[in-house]
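>>> sequence first, then the predicted structure, then my questions.
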Amino acid sequence: MANAFENAMRQLEKAKKYAGVEPELFQILGQPKMIFQFMIPVKMDDCSLKIFNGYRVQYNDARGPTKGGIRYHPQVDLNEVKALAFWMAMKCAVANIPYGGAKGGVEVDPKKLSQRELELLSRGYIRAMKENIGPETDVPAPDVYTNATIMGWMADEWGLVHGHYEPAMITGKPLAIGGSLGRDDATSRGALHCIREACKLRKMDPKRTTVAIQGFGNAGHFLAKLMNEEGFKIIAASDSKGGIYDPNGLNVPELLKVKEQKGSVQEYSGGKKITNEELLELQVDILAPAALENVITKSNADKVRAKIVAELANGPTTPEADEIFERKGILLIPDILANSGGVSVSYFEWVQNRQGYYWSLEKVQKRLAEKMTSEFNAVWNISQEKKIDMRTAAFVLALKRISSAVEARVYSDKK
Ligand code: NAD
């Protein structure tokens with residue numbers, strides 16, 4: 001199977017003929033601006049020394065400081081981080097926030113580390129990147145298996161190294177040290193705004209709409225909670241250990257409790273245990289992949305029966321699967337739009353940090369709602385006007401915005 005970066009470049013290639021921008025832009029976006037690869041030594045609890053591989057890719061900064069999360073996962077590699085950084089550049093442009101794109105990662109299974117080891121690793125990451133991360137250069141955030149606690153350690157370490165605390169150097173922090181209200185569920189709330197718009201287009205009534213969610217971490221569990229509160233029927237959910245399915249609807253508050261207390265949705269009593277692969281093929285109205293990339297491919301896309309696929313994860317659908325979805329008339333809400341609520345509220349957090357003035361939850365959520373609804377409709381309109389799928393339309397919107405920033409910075413005799 002092609003790696004995530006190859007898939008990302010194929011998506012870019014597909015959008016080329018519709019974007020109407022200078023061809024030079026594709027040279028600029030064909031590779032990252034900067035790649036950092038480094039080792040992070042950690043003195044483990046048993047006093048042995050362990051070396052972890054760390055990465056940071058700053059893909060493009062035409063629109064502003066680069067922005068993107070840091071992932072801790074055993075399968076992290078440079079190709080994955082490059083793809084995720086590229087998608088961040090596209091996503092920040094779709095969200096129309098003044099950032100470029102970046103991503104970071106550490107090849108580690110954090111579940112095997114003690115809290116002390118995890119803290120040392122996180123501080124080590126910041127020390128390795130100290131000269132190249134900052135509020136006006138590159139601003140990290142949480143991603144898979146990183147969270148607000150880790151962002152807090154990272155912010156503290158950056159402050160120790162630089163001699164002053166600077167909350168705007170990282171987002172997704174705990175509230176006590178400059179986090180924003182509404183950041184915790186922003187990715188899922190943003191996706192919900194898109195899903196609402198998609199349901200209107202497909203004339204689907206939330207109260208009669210079933211949902212399956214793959215992944216029950218930050219993105220997946222908040223989506224289940226918010227959609228359940230809105231009356232959607234969540235019939236399946238999964239995590240790394242597997243999934244659970246009940247066609248009559250899962251008891252979501254109970255499921256959230258089970259996940260928190262017992263560590264996996266599979267501990268839910270009632271319903272039927274299913275695999276992550278089976279979840280994708282269920283008879284369901286809305287499918288929300290919210291775990292990792294490359295899970296919907298040419299070998300299973302045909303078996304997806306959902307009417308709407310909302311990508312909370314980054315890169316869950318391969319280009320071949322995209323074509324199958326198009327043929328089947330599935331309405332795909334692409335990652336760079338569907339999950340952009342997270343980075344949008346990260347931007348709100350950064351703005352609040354720089355102003356030293358903090359917003360109410362209502363203000364955060366109102367601005368997020370306005371942004372998501374307007375960007376969803378901008379992408380939808382492009383897709384209708386050019387008769388292209390939603391992913392390609394989102395790329396077209398992003399490419400136009402990045403192209404304007406490049407043109408505004410560089411002399412061109414075509415102006
Ligand atoms: P998380 O670490 O909070 O949760 C990850 C979830 O995925 C866990 O429930 C885990 O059990 C599950 N998982 C891991 N491996 C799996 C597998 N092989 N099959 C099924 N499930 C598996 O991470 P998150 O922040 O929720 O991120 C999930 C996805 O959403 C990622 O693609 C991430 O890049 C994307 N995303 C997250 C945010 C955010 O704000 N958290 C924003 C934008 C995009």
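Received it, and whenever you're ready, just let me know what you need.
>>> for the residue of the chain found nearest the ligand, give me phi and psi.
Proximity to the ligand, evaluated over the chain using CB to the nearest ligand atom, is greatest for Gly217 at 1.6 Å. (Glycine included, C-beta is placed from N, CA and C.) Backbone torsions of Gly217, given as degrees, to the nearest 10, read phi -90, psi -140.
>>> neighbours of it, how many?
19 (other CB atoms under 10 Å).
>>> that one and Val144 touch, don't they?
Yes. Counting by CB atoms under 8 Å, Gly217 touches Val144, with 7.0 Å between them.
>>> now for these two: what residues contact both?
Ala291 (CB atoms under 8 Å, 6 or more residues apart in numbering).
>>> for the stretch 1-150 of the chain, which segments count as strands?
Listed in chain order, the strands found in the stretch 1-150 of the chain under DSSP state E, counting those that start in this stretch are 34-43, 49-60, 66-73, 100-107, 138-142.
>>> enumerate the residues of this structure near the ligand.
Residues of the chain lying close to the ligand by CB under 6 Å from any ligand atom are 142-145, 187, 214-220, 238-240, 276, 290-292, 312-314, 339, 342.
>>> so which elements touch the lengthiest helix in the chain?
The residue-count maximum for a helix in the chain (DSSP state H) belongs to helix 361-386. Where contact means 3 or more CB pairs under 8 Å, 6 or more residues apart in numbering; DSSP states H and E, helix 361-386 is packed against helix 186-201, helix 335-338, helix 340-355, helix 390-409.
>>> excluding chain neighbours, what is closest to Leu292?
Leaving out its chain neighbours, the residue that sits closest to Leu292 by CB to CB, 6 or more residues apart in numbering is Ala313, at 6.1 Å.
>>> tell me who's in contact with that neighbour.
Gln214, Gly215, Ala219, Pro289, Ala290, Ala291, Leu292, Glu293, Val295, Asp335, Asn339.
>>> what about the residues you listed, which are in helices?
By the criterion of DSSP H, membership of the contacts of Ala313 in helices covers Ala219, Asp335.
>>> buried ones among the contacts of Ala313?
With burial judged by 16 or more other CB atoms under 10 Å, the buried subset of these is Gln214, Gly215, Ala219, Pro289, Ala290, Ala291, Leu292, Glu293, Val295, Asp335, Asn339.
>>> quick revisit: inside strands: which ones of the contacts of Ala313?
Mapping those onto strands (DSSP state E) picks out Gln214, Pro289.
>>> show me which pair in the contacts of Ala313 is furthest apart.
Val295 and Asn339 (14.6 Å; CB to CB).
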